[in-house]
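fold the stuff below for me.
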Amino acid sequence: MNKRSLIVAVKESGYIERLAEYIRHSPFGEEWQLTAFTNPAALRHFIRGGYAVDLIAAQPSILEEMGEPPIGVPVAALIDQRGQYPQGTEVLQYQPLPQLLQAMSAVHAAAGMHTGVRQGGANAPVIAVYSAAGGVGKTTLAIQLAQQAGVRGARVFYLNLEQWNATSLWLGDDGPE
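A predicted model of the protein is given here:
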C-alpha cells in the first residue's frame with residue numbers, strides 16, 4: 001500500500017519535531033508519510049520538483065510565499081484562531097494531535113482524494129502479472145485488472161511481454177501487421 005504524502009510547513013522546527021514523533025508512533029503514520037518544511041523556498045522547490053503531494057498543511061505566511069499549490073491538491077492553513085485565512089480551509093495548528101490529524105484527514109477526504117488511485121508522476125502504480133506456467137490465466141487477470149482500473153478513473157497502460165500474445169483473443173484484433 002502506498003502511503004499518502006502529507007506536507008507540513010511551519011516556521012517552528014520544534015513543532016515539526018513533536019508532530020513527526022507523534023505521527024511515527026500513531027496509526028496515522030501507517031497511512032501518511034510526513035515531509036516537513038520550515039523554509040518557504042525549500043517548499044516551493046519541492047513542489048516544483050513534481051513530487052507526489054496529497055495534502056499541504058502550512059501556516060498562512062508560508063502559503064502566501066509558496067505560491068499556487070499543485071492542481072487538485074487540497075490545502076489547509078494552520079492557524080492560531082479562526083478567521084485568519086479567509087481564502088481557504090483552516091485547521092487549528094495548536095490542538096491535541098489526534099484531533100489535528102483527524103482534521104487534516106477530513107480536509108483530504110472532503111477534497112475527494114480518498115479514492116486510493118493516484119495519477120501521474122513517479123507514484124504511478126505498476127502491477128505485474130507473472131507465472132512461469134502457461135494457461136493459468138495471466139492474460140485474463142491482467143486485462144481484467146486494467147479494465148477495472150480504467151473504470152475507476154485511473155490511466156492505464158497494458159503491456160504484454162509474453163512470447164505468445166493471447167491478447168487478440170480478448171480484444172478482437174489481429175495484432176500488429
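
where in this protein is the helix or strand with the lowest mean pLDDT?
Within the chain, confidence by mean pLDDT, DSSP states H and E is lowest for helix 167-171 among all helices and strands, at a mean of 64.

what about the closest residue to Ser105 other than its chain neighbours, distance to Gly49?
Once flanking residues are discounted, Ser105 sits nearest to Phe28: 7.6 Å by C-beta to C-beta, 6 or more residues apart in numbering. Glycine gets a C-beta too; all of them are placed from N, C-alpha and C. Look at Phe28 and Gly49: by C-beta to C-beta, to the nearest Å, they are 25 Å apart.

SS state for Gly112?
coil (DSSP: H, G, I helix; E, B strand; the rest coil).

go on, Val73?
At Val73 the chain is in coil, as set by three-state DSSP.

what's near enough to touch the closest residue in space to it that isn't next to it in sequence?
In space, and not counting its chain neighbours, Val73 is closest to Val53: 5.1 Å by C-beta to C-beta, 6+ apart. By C-beta atoms under 8 Å, 6 or more residues apart in numbering, the contact list for Val53 reads Ser5, Ile7, Ile47, Pro69, Pro70, Val73.

what do you get for Glu65?
The neighbours of Glu65, taking C-beta under 8 Å, 6+ apart as the test, are Pro40, Ala41, Arg44.

show me what counts as buried in the helix or strand containing Gly14.
Remark: Gly14 resides in helix 13-24, with elements defined by DSSP states H and E. Buried residues in helix 13-24, counted by 16 or more other C-beta atoms under 10 Å: Tyr15, Ile16, Leu19, Tyr22, Ile23.

so for Phe28 and Gly49, which sits in the more crowded spot?
Ranked by neighbour count (other C-beta atoms under 10 Å), Phe28 and Gly49 place Phe28 first, with 19 against 7.

that older thread, quick check, pLDDT for the residue nearest to Val73.
The pLDDT attached to Val53 in the predicted structure is 91.

again with Ala132
pLDDT for Ala132: 76.

ok, Asp173 next?
With respect to pLDDT, Asp173 has a value of 62.

how about Asp80?
90.

which strand residues bridge Ile79?
Leu92 (DSSP bridges).

where along this protein do the helices fall?
13-24, 28-31, 40-48, 60-66, 97-110, 138-151, 167-171 (DSSP state H).

now the contacts of Glu65 as TSV including distance to Ala133, pLDDT and neighbour count?
TSV is the format used below for the contacts of Glu65 (distance: C-beta to C-beta, whole Å; pLDDT from 0 to 100; neighbours: other C-beta atoms under 10 Å):
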residue	distance to Ala133	pLDDT	neighbour count
Pro40	55	93	19
Ala41	55	92	10
Arg44	52	90	16
